[in-house]
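**Q** Quick one: sequence plus predicted model below, questions after.
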Amino acid sequence: MLLLIGLLFTSCSESISESDLRAQVVFTGSEAADGCGWLIQVSEDLTYKPEDLDEKFKVDGLEVSVSFKVLASSYTCGFPSPSSPKFQNIKISKIKRN
């Protein structure tokens, strides 16, 4: 919720940072087969596309603590269409298993 409020107030800035959030690593299927690949789910309604998830954290359902910077770009899953899922890109600065 705070992130969404922050996005509203910083919409003109390049990015915002989030620190030490509890999250879950989620695999949504191969990007080559129109899946979204690896995502970081912070809450039921807030999921991000990491641009740099280390291989050792690519475990579906893995509980992590993560710090990251929200980037201005976003990722659209599969063939782009109005109904395609879209996730804000993030750059992870720190991640550890819970």
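**A** Right, received. Where do you want to start? Residues are numbered from 1 along each chain as shown.
**Q** for this protein, which spans come out with low pLDDT?
**A** Along the chain, segments meeting pLDDT under 70 span 1-15.
**Q** For it, which segments are assigned as helices?
**A** Ranges of helices in the chain, per DSSP state H, are 2-9.
**Q** Tell me where it has strands.
**A** Assigned by DSSP state E, the chain shows strands spanning 16-27, 38-43, 46-50, 63-76, 86-97.
**Q** now for the third one, which elements pack on it?
**A** Based on contacts counted as 3 or more CB pairs under 8 Å, 6 or more residues apart in numbering; DSSP states H and E, the elements that strand 46-50 packs against are strand 38-43, strand 63-76, strand 86-97. All C-beta atoms are positioned from the backbone trio N, CA, C, and that covers glycine.
**Q** now do 6 Å
**A** Applying 3 or more CB pairs under 6 Å, 6 or more residues apart in numbering; DSSP states H and E, one finds that strand 46-50 contacts strand 38-43, strand 86-97.
**Q** Check the first one too.
**A** Strand 16-27 is packed against strand 38-43, strand 63-76, with contacts defined by 3+ CB pairs under 6 Å, 6+ apart.
**Q** Between strand 86-97 and that strand, find me the angle.
**A** Taking axes from the mean of the first three to the mean of the last three CA atoms, to 10 degrees, one finds strand 16-27 and strand 86-97 inclined to each other by 90 degrees.
**Q** buried sites along strand 16-27?
**A** Under the neighbour-count criterion of 16 or more other CB atoms under 10 Å, strand 16-27 has E18, A23, Q24, V25 buried.
**Q** could you redo these as a markdown table and give each row distance to K58?
**A** Converted to a markdown table, those look like this (distance: CB to CB, whole Å):
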| residue | distance to K58 |
| --- | --- |
| E18 | 20 |
| A23 | 14 |
| Q24 | 13 |
| V25 | 7 |
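**Q** What is the neighbour count of I95?
**A** I95 sits with 20 neighbouring residues when counted by other CB atoms under 10 Å.
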